[in-house]
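**Q** model the structure of this input:
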Amino acid sequence: MNQDFLIRIRVFMRSILSLNTYVDIQATNENIRKNIAFKGPNVYILFFAVVIASVGLNVNSIPVIIGAMLISPLMGPIIGFGHGLGTGDSELLLSSFKNLCVMIGISLLASILYFLVTPLEIDNPTELLARTRPTIYDVMIALFGGLAGTLETARKEKGTVLSGVAIATALMPPLCTVGYGIANLSWKYTIGASFLFIINCIFIALAAYIMAKFLKFPNVNNQPNHAKYKYITYIIIAGMIVTSIYTGYNVIKENNFLKVANKFVRKNQSIGKTYIYDYNVNTVNTPYTLELRLAGESLSAQTREMFYRDAESVGIMRNQLHIVEDATIQFEKFNETEIVKNLIQSNEEQLKQRDDSIRVLNNSLEQYIKLQLPVKQLAAELMTQLPSVKDVVFTRGERMTRQSDLSEQIVVIVYSDEKINHEEIDRLTQWLKVRLNMENVMLINM
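**A** You can find the predicted model right below:
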């Protein structure tokens with residue numbers, strides 16, 4: 001009974017997985033040959049698709065890029081190349097390769113022209129950059145996408161698989177990125193995108209080769225040197241796989257470092273009175289580095305050491321962690337005795353400054369008092385000595401002669417009913433000099 005059950009399971013699985021009733025060998029051969037042709041409308045369609053894809057890459061528009069991939073006729077010659085390799089049809093293989101080369105040339109020409117004349121420039125061309133670092137994942141997408149596309153080509157009832165394959169394998173964007181790199185003389189874009197495009201072409205062709213063998217398409221063998229082409233293709237495929245694995249390993253390592261760095265920054269966003277206000281992860285050069293910019297209080301030697309140890313615990317080595325304290329302040333710690341001492345010293349300095357200010361003010365006041373004249377007393381004394389005096393005016397001025405420097409002078413103007421004689425004026429002048437203790441005194445009678 002167990003054996004009957006296993007037989008039933010095998011029959012059931014064979015009925016599900018069998019493709020014989022769904023595949024038309026003759027129609028598939030004709031369809032593949034028809035799709036590799038590149039002339040007439042296909043030339044213009046390819047040119048238009050390249051321009052659309054270039055615009056999409058230029059403005060970081062994913063929907064536009066997808067639309068260009070659906071329009072592009074690039075898939076036909078690639079599948080034809082793999083099918084010709086699998087069926088031993090060297091004529092189909094060479095014809096597919098020739099048409100593919102022409103398509104690539106036209107695509108590069110269109111994309112270069114576009115990027116030379118476009119006025120659009122963006123600071124962060126993410127869609128262009130995404131086509132410069134192929135990995136093993138791109139190999140898997142191209143391979144399984146090619147398998148699906150080839151099987152859809154061989155199926156009697158056609159569906160929408162080819163559209164999905166065109167989007168998934170992304171032949172047009174890397175080719176346009178190569179054109180961008182050439183137009184801007186950037187080897188980074190040119191080499192990286194070229195590698196991605198070649199990977200997609202080779203592994204879509206490999207998928208077509210596998211499906212030709214799996215579906216048991218009849219061999220043609222119309223060229224004696226077909227085996228040579230096959231071995232050359234195998235060598236190229238092996239080289240692409242090894243290179244893709246290496247770049248894929250680097251991408252995984254880069255992503256892991258980014259994840260660890262972000263986790264470390266979140267965990268140590270604030271350390272005491274210090275905090276991380278900005279950080280930068282550099283994965284361009286090796287070893288990868290994490291640069292932290294700190295603000296607040298400067299890290300002590302002990303805190304800095306703990307910081308490094310915490311980084312090492314998550315896999316970030318000391319030489320990978322760069323700490324920049326460009327917005328920190330060094331705070332000094334005082335004990336109580338130092339605080340009291342500083343307060344006393346500050347008070348003493350303030351008292352000294354106050355005493356100096358008082359001394360200067362007193363000196364100024366004394367000088368001002370000295371300059372004041374006892375006007376009322378002097379006027380009364382003059383009027384007592386000269387009864388004819390009605391009014392007295394005292395003025396202060398400055399005097400400069402040829403024989404002496406600038407000096408202060410007191411001028412006394414006396415208004416009287418009678419004219420005062422010169423002898424009396426001289427006497428009063430001498431009296432005022434003694435009375436005021438000043439040499440430069442002048443008395444005028446009006």
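**Q** so who does the nearest residue to residue 299 once chain neighbours are set aside touch?
**A** In space, and not counting its chain neighbours, residue 299 is closest to residue 274: 6.0 Å by CB to CB, 6 or more residues apart in numbering. For the C-beta atoms, the positions are set from N, CA and C on the backbone; glycine is no exception. Going by CB atoms under 8 Å, 6 or more residues apart in numbering, residue 274 touches 294-299, 303, 328.
**Q** relative to residue 323, how far out is the residue lying closest to residue 280 once chain neighbours are set aside?
**A** Among residues not flanking residue 280 along the chain, residue 291 sits closest, at 4.6 Å (CB to CB, 6+ apart). For residue 291, the distance to residue 323 (CB to CB, to the nearest Å) stands at 8 Å.
**Q** equivalent analysis for residue 299, please.
**A** From residue 299 to residue 323 the distance is 7 Å (CB to CB).
**Q** next helix or strand past the helix or strand hosting residue 253?
**A** Assigning secondary structure by DSSP states H and E places residue 253 in helix 226-267. Once helix 226-267 ends, the next helix or strand along the chain (criterion: DSSP H and E) is strand 270-271.
**Q** re earlier: what comes up buried for the helix or strand harbouring the residue nearest to residue 280?
**A** Assigned by DSSP H and E, residue 291 belongs to strand 289-297. Neighbour counts using 16 or more other CB atoms under 10 Å place 289-290, 292-294, 296-297 of strand 289-297 among the buried residues.
**Q** over to stretch 415-433?
**A** Across stretch 415-433, burial judged by 16+ other CB under 10 Å covers 416, 420, 428, 431-432.
**Q** please apply the same query to stretch 99-118.
**A** For stretch 99-118, a neighbour-count test (16+ other CB under 10 Å) marks 99-100, 103-104, 106-108, 110-115 as buried.
**Q** residues in contact with that stretch?
**A** Taking CB under 8 Å, 6+ apart as the rule, stretch 99-118 contacts 36-38, 43, 46-47, 50-51, 53-55, 58, 73-74, 76-78, 80-81, 172, 175-176, 178-180, 182-184, 201.
**Q** could you rerun that using 6 Å?
**A** 36, 38, 46-47, 50-51, 54, 58, 74, 77, 175-176, 179-180, 182-183 (CB atoms under 6 Å, 6 or more residues apart in numbering).
**Q** give the rounded mean pLDDT of stretch 414-428.
**A** In this model, stretch 414-428 carries a mean pLDDT of 80.
**Q** got the buried residues of strand 289-297 as TSV, with pLDDT and distance to residue 125 columns?
**A** TSV is the format used below for the buried residues of strand 289-297 (pLDDT from 0 to 100; distance: CB to CB, whole Å):
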residue	pLDDT	distance to residue 125
289	85	24
290	85	25
292	83	28
293	82	27
294	81	32
296	74	37
297	74	41
